[in-house]
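> My questions are about this predicted structure, shown below with the sequence.
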Amino acid sequence: MSSTSDASLIAALNHASTQLNRYFAIFIIIFGVVGNTINICVLSRRPLRSNPCAWLFLASSIANGIGILASVISRPLSTWSADLTSTNQFLCKIRAFLLFNATTIGSWLIMLATVDRWLSSNTDANKRQRSTLKNAQI
């Protein structure tokens with residue numbers, strides 16, 4: 001008798017997981033792509049191009065956009081058995097490469113923007129001089 005209730009609980013949890021992967025991933029794709037696109041549009045404006053912190057945030061938005069597209073697109077596709085990364089090993093490896101590298105690069109760029117803001121607001125003039133666009137691009 002308990003195996004029947006366990007089986008129905010497992011089936012209900014699998015169904016809930018499928019629905020979350022199907023619809024929540026679409027929500028993340030839409031808002032993630034729209035948010036990163038707005039960030040890219042704002043941060044690429046001419047007055048902000050000379051600001052090292054804005055340049056780092058722009059690069060971070062591009063990297064995070066790539067990470068969102070590489071990682072979350074396969075989630076809803078897998079619920080309809082249309083995910084090519086589950087059958088094609090090359091696509092699976094490219095997806096994993098893009099996902100892990102883009103999220104790592106995005107996080108590091110945000111950390112570097114934090115360091116740049118600390119350098120630019122420091123009381124020591126030598127440290128303030130290190131906050132340059134050339135250093136941010138390197």
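Looks like it came in fine.
> any idea which element the residue nearest to residue 84 when sequence neighbours are not counted lies in?
Nearest residue to residue 84, sequence neighbours excluded (Cβ to Cβ, 6 or more residues apart in numbering): residue 91, at 5.3 Å. Bear in mind the C-beta positions are built from the backbone N, C-alpha and C, glycine included. The secondary structure element spanning residue 91 is helix 89-120 (assigned by DSSP states H and E).
> how about the helices in the chain?
With DSSP state H, the ranges of helices along the chain come out as 2-19, 25-43, 52-72, 74-79, 89-120, 125-128, 133-137.
> Reformat those as a markdown table; add mean pLDDT and mean neighbour count.
Formatted as a markdown table, the helices of the chain follow (pLDDT from 0 to 100; neighbours: other Cβ atoms under 10 Å):
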| stretch | mean pLDDT | mean neighbour count |
| --- | --- | --- |
| helix 2-19 | 84 | 10 |
| helix 25-43 | 91 | 14 |
| helix 52-72 | 92 | 21 |
| helix 74-79 | 72 | 18 |
| helix 89-120 | 92 | 15 |
| helix 125-128 | 86 | 10 |
| helix 133-137 | 84 | 13 |
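> got a list of what the closest residue to residue 76 other than its chain neighbours touches?
Leaving aside its chain neighbours, residue 76 sits nearest to residue 25 (4.6 Å; criterion: Cβ to Cβ, 6+ apart). With contacts defined as Cβ atoms under 8 Å, 6 or more residues apart in numbering, residue 25 is in contact with 72, 75-76.
> want to throw those into CSV with distance to residue 115?
Conversion of the contacts of residue 25 to CSV gives the following (distance: Cβ to Cβ, whole Å):
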residue, distance to residue 115
72, 29
75, 33
76, 37
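> Quick check: of those, which lies closest to residue 97?
The shortest approach to residue 97 among the contacts of residue 25 belongs to residue 72, at 15.7 Å (Cβ to Cβ).
> I'd say that closest one and residue 30 touch.
No. Because the distance of 10.0 Å does not satisfy Cβ atoms under 8 Å, residue 72 is recorded as not touching residue 30.
> Understood, closing this out.
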